[in-house]
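In: here is a sequence together with a model predicted from it:
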Amino acid sequence: MILDLIRRSLSAKITLAITSVLIVFISILGLLDMRNETVSTFDVYRRNSKVLVATIEKGLISAMAEGRNEDVQQTLEDIGMQDELLGVRIFDEKGNIIRSSNRGELGGMVDKDTLDEYLKSSDPGYYGTEKGRVLSLIQPIYNSSACFGCHPPNKKINGVLQVKVSLEKAYQDIHENRWFMFKWGILTVLCVCLAQILLMRVLVTMPVNRLQVAMKRAEKGEAVNIDLPGDDALGELARVFRNMLSRITVMSGEAIDREKELVRNQEALKSQALLEDVIEGIPDGVAIMDREMTLKLINPKYKELFPDAEVGQPCYMAIHRRDKPCSHCGVIKVFEDGKIHEHESSAVLADGSFRVVHSVSAPVFGDYGEVVAAVESVRDVTERVTMEKEIKEKSWELERVNKRLAKMAVTDGLTMLFNHRFFQDSLKREFKRLSRHRALPYLSIAMIDIDQFKALNDTYGHQAGDRVLRGISKVLKDSVR
């Protein structure tokens, strides 16, 4: 719904465009300002921390110069109690902690990362690193004449001062400043959008709506009189619209009369030429017929299918050489009910060839809804019909062969009785039937043996034995159902 409103409203599009530009502009300014504020905040923290380190260093050197070495540890502990200081300690070049604001660290080792950073540093003076919102500052304490009382003169560095400062307050200040700027930006955008919507409604939307209503009334043919005050673009557009309507009213009457006459003269020619071009390009045979079944127009494919067909002849005479239309013809049914009909028909051509075609007949309606002509589309399906007939005949033949083979597979060739395979299948089937029908618990099997059959074969030969087997088989077949 919102997208549809934006698509249809000019003021909504302008408001959306200006708002988008404003949001992008304020966002860029906000990002730049937040970046500068962040950099400035951290620079202030670094400068203050550096001053703090220098102050602590001078205090320590002064205490050692005055011989108050025992005050160094207490001084570090007092400094470490400040809120934003996480720890102050002094370690030697091997990483041994010799002084610390946390007495628990004394005698321990600094972490490997801190020692490696100090040893690899090319700057012999102050440097700092930030990790996990903690600013770590390291300042070597160089040996001087004031320290010779406790440290030998040939020693270059008496220790390394490390101060860890928490940056949580800095991040909190940055977050609050960003949130303030975000709220200020949202408020600015809302105020500008509200002012812009009010101005757009008064200066653009209302005049455009009046002009749009006037155009819709003019489109319906109603009298329109619109006057927008002012000399701006909308006022000029309204004046141009009034002049245009006046000229259109004068010219429309003349143009309509001329166009009607021109359309009547050209429509018939264009329709005929277009119809012929379309029909000739269709790959199927196409013919147009009137109520007397007379061919009014045929395309080359129709002529190819029916060489004897000619424009002006009835189709049943030209194609089927009949005296009256075919009873199943779809064209007749089209003129009867005005619907599309399909049918297949066969024709014997003058050269004696046989052709089967599939026809689709459709009506052509006149100005008052009556059927004035019929269009018949014809496609040659002789090959398909012939193939289907051959497939059907082959299927019948195959079915007969399969039945014969199936019978031979279960029949003994000599006696024409069912063989041992059929007996086994039948026995299994009867046992299954017996297990399903408990009301019929009996199954009978008759076994027949021919007495003295071996002596008969030995005395009269196997051919006589075969005749006896065939005779007994016939008696059995005639005696049972």
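Out: Good, I have the coordinates.

In: in the stretch 101-250 of the chain, what residue spans correspond to helices?
Out: Listed in chain order, the helices of the stretch 101-250 of the chain (DSSP state H, counting those that start in this stretch) span 112-120, 168-200, 206-219, 233-281.

In: now for residue 134: which residues touch it?
Out: The contact partners of residue 134, by Cβ atoms under 8 Å, 6 or more residues apart in numbering, come to 86, 164, 165, 166, 167. (C-beta placed from N, C-alpha, C; glycine too.)

In: run the last query once more with 10 Å
Out: In this structure, residue 134 makes contact with 86, 87, 164, 165, 166, 167, 168, judged by Cβ atoms under 10 Å, 6 or more residues apart in numbering.

In: quick one, what contacts the third one?
Out: By Cβ under 10 Å, 6+ apart, the residues touching residue 164 are 49, 80, 84-89, 101, 114, 128, 131, 134-138.

In: which non-adjacent residue is nearest it?
Out: residue 86 (4.1 Å; Cβ to Cβ, 6 or more residues apart in numbering).

In: tell me how far the one you found lies from residue 44.
Out: The gap separating residue 86 from residue 44 is 18 Å, by Cβ to Cβ, to the nearest Å.

In: who's more crowded, these two?
Out: Neighbours were counted for residue 86 and for residue 44 using other Cβ atoms under 10 Å; residue 86 has more, 18 against 12.

In: next one, pLDDT for that one please.
Out: We note a pLDDT of 77 for residue 86 in this prediction.

In: wasn't it part of a strand?
Out: Yes. Assigned with DSSP: H, G, I helix; E, B strand; the rest coil, residue 86 falls within a strand.

In: hmm, residue 80 and it touching each other?
Out: Yes. Contact status for residue 86 versus residue 80: in contact at 8.2 Å, counting by Cβ atoms under 10 Å.

In: overlap in contacts of the two?
Out: 101, 102, 163, 164.

In: now the buried members of these.
Out: Buried members of these, counted by 16 or more other Cβ atoms under 10 Å: 101, 163, 164.

In: need the CA coordinates for stretch 436-453. PDB is fine.
Out: Presented in PDB, the C-alpha positions along stretch 436-453 are these (Å, rounded to 0.1, in the frame of the first residue of the first chain):
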ATOM      1  CA  ARG A 436      -7.800 -68.500   3.700                       C
ATOM      2  CA  HIS A 437     -11.200 -70.300   3.800                       C
ATOM      3  CA  ARG A 438     -11.300 -72.200   7.100                       C
ATOM      4  CA  ALA A 439     -14.900 -73.400   6.300                       C
ATOM      5  CA  LEU A 440     -13.500 -75.700   3.600                       C
ATOM      6  CA  PRO A 441     -10.800 -77.700   5.400                       C
ATOM      7  CA  TYR A 442     -10.400 -80.500   2.800                       C
ATOM      8  CA  LEU A 443      -8.300 -80.900  -0.300                       C
ATOM      9  CA  SER A 444      -8.400 -84.000  -2.400                       C
ATOM     10  CA  ILE A 445      -5.700 -85.200  -4.800                       C
ATOM     11  CA  ALA A 446      -6.200 -88.200  -7.200                       C
ATOM     12  CA  MET A 447      -3.200 -90.100  -8.400                       C
ATOM     13  CA  ILE A 448      -3.800 -92.600 -11.400                       C
ATOM     14  CA  ASP A 449      -1.400 -95.300 -12.500                       C
ATOM     15  CA  ILE A 450      -1.700 -97.500 -15.700                       C
ATOM     16  CA  ASP A 451      -1.400-101.200 -14.900                       C
ATOM     17  CA  GLN A 452       1.100-103.300 -17.000                       C
ATOM     18  CA  PHE A 453       2.100-100.100 -19.000                       C
END
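
In: hmm, who's touching it?
Out: Taking Cβ under 10 Å, 6+ apart as the rule, stretch 436-453 contacts 423, 427, 430-431, 433-434, 456, 459, 465, 468-469, 472, 476, 480.

In: what is the nearest of the residues you listed to residue 13?
Out: For those, the residue nearest residue 13 by Cβ to Cβ is residue 433; the value is 83.8 Å.

In: doesn't that closest one lie inside a helix?
Out: Yes. Judged by three-state DSSP, residue 433 forms part of a helix.

In: how much space separates it from residue 141?
Out: 111 Å.

In: same question for residue 202.
Out: Residue 202 is 74 Å from residue 141, by Cβ to Cβ.

In: so those two - more neighbours on which side?
Out: Applying other Cβ under 10 Å to residue 202 and residue 141 shows that residue 141 carries more neighbours, namely 18 against 10.

In: beta partners of the more buried one?
Out: Beta-bridge partners recorded for residue 141 (DSSP bridges): residue 159.

In: how close does it sit to residue 59?
Out: According to Cβ to Cβ, residue 141 stands 11 Å off from residue 59.

In: could you do residue 109 as well?
Out: 25 Å.

In: quick one: what helix or strand has residue 374 in it?
Out: In the assignment (DSSP states H and E), residue 374 maps to strand 371-380.
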